[in-house]
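In: below: sequence and its predicted model.
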Amino acid sequence: MLDTYECIVSKLDVREFSPEKVPAETKLKILEAGRLTGSGLNTQHWRFVLVQGPENLKKLAQDSTSGKWVQHCNFAIVVLTNSSYDFHMIDAGRVIQDMQLAAWNFGVASCIFTGMRVDNLQKDFNIPEYLHPTVVVGFGYPAKKILGRKERLPLDEIAFLEKYDNKLNHQRF
Ligand SMILES: Cc1cc2nc3c(=O)[nH]c(=O)nc-3n(C[C@H](O)[C@H](O)[C@H](O)COP(=O)(O)O)c2cc1C
């Protein structure tokens with residue numbers, strides 16, 4: 001178990017997974033993390049399709065333009081949102097981050113993809129037209145030890161104090 005901060009600091013996106021199966025109770029907890037996320041106006045317009053059959057994971061990979069790796073994950077969750085809410089993308093971002101962090105807490109790695117052939121995916125997974133397949137998250141135990149470092153801009157470059165023209169110097173506040 002990791003505390004929340006440690007979980008955020010150590011999580012890296014993983015696209016290569018071991019064949020080891022993720023237990024059902026862990027999958028349930030990941031879905032619960034999604035369910036319990038707050039949404040705009042508490043609309044909870046999202047719906048989650050759990051995909052774990054090898055044939056369906058293959059279909060998901062075929063329907064993807066930027067996430068072919070999904071074929072070899074242990075399971076995936078297709079996050080559908082109602083695009084009539086102008087905040088639906090924010091909701092999608094929050095829900096997947098909660099699911100990814102909950103997963104990492106149990107040692108389950110993940111990555112997301114957003115590039116997809118929407119029509120094909122909707123047809124293949126019987127998704128109604130009013131729900132948009134916004135993002136797919138693939139999960140599984142990592143194939144190898146995660147040794148990478150986060151490549152991120154330094155805080156001094158992206159954060160400001162009081163006004164945008166005043167760079168935040170973390171040694172001075
Ligand atoms: C909005 C968004 C869209 C993304 N789309 C894809 C994608 O289509 N395919 C993919 O393999 N990774 C995708 N990613 C994963 C990013 O490449 C990854 O989060 C970023 O490189 C940081 O990875 P790291 O946390 O391991 O350093 C996406 C991430 C975000 C936040």
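Out: Done, it's in.
In: near the ligand, which residues of this protein show up?
Out: 12-13, 15, 66-67, 111-115, 150-151 (C-beta under 6 Å from any ligand atom). Every residue, glycine included, has its C-beta placed from N, CA and C.
In: run through the protein and note the low-pLDDT ranges.
Out: 171 (pLDDT under 70).
In: how far out from the middle of the chain is the longest helix along it?
Out: Longest helix in the chain by number of residues (criterion: DSSP state H): helix 88-105. Helix 88-105 sits 5 Å away from the centroid of its parent chain (C-alpha atoms, centre = their mean, to the nearest Å).
In: following element in sequence after that helix, please.
Out: strand 109-113 (DSSP states H and E).
In: partner strands of that next one and their direction?
Out: strand 132-140 (antiparallel) (DSSP bridges).
In: using CSV, write out every CA atom in the partner strand.
Out: The C-alpha coordinates for strand 132-140 follow below in CSV (Å, rounded to 0.1, in the frame of the first residue of the first chain):
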residue,chain,number,x,y,z
HIS,A,132,-18.7,8.9,-26.4
PRO,A,133,-15.8,6.5,-26.0
THR,A,134,-13.5,9.1,-24.6
VAL,A,135,-10.6,7.2,-23.3
VAL,A,136,-9.4,3.6,-22.8
VAL,A,137,-7.2,2.5,-19.9
GLY,A,138,-5.2,-0.7,-20.1
PHE,A,139,-4.1,-2.4,-16.9
GLY,A,140,-1.8,-5.2,-15.8
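In: name the next helix or strand downstream of that strand, please.
Out: Next along from strand 132-140, by DSSP H and E: helix 155-158.
In: which residues make contact with stretch 21-37 from outside it?
Out: When contacts are defined by C-beta atoms under 8 Å, 6 or more residues apart in numbering, stretch 21-37 is touched by residues 46, 48, 50, 74-75, 77, 79, 91, 94-96, 98-99, 101-103, 106, 108, 139-141.
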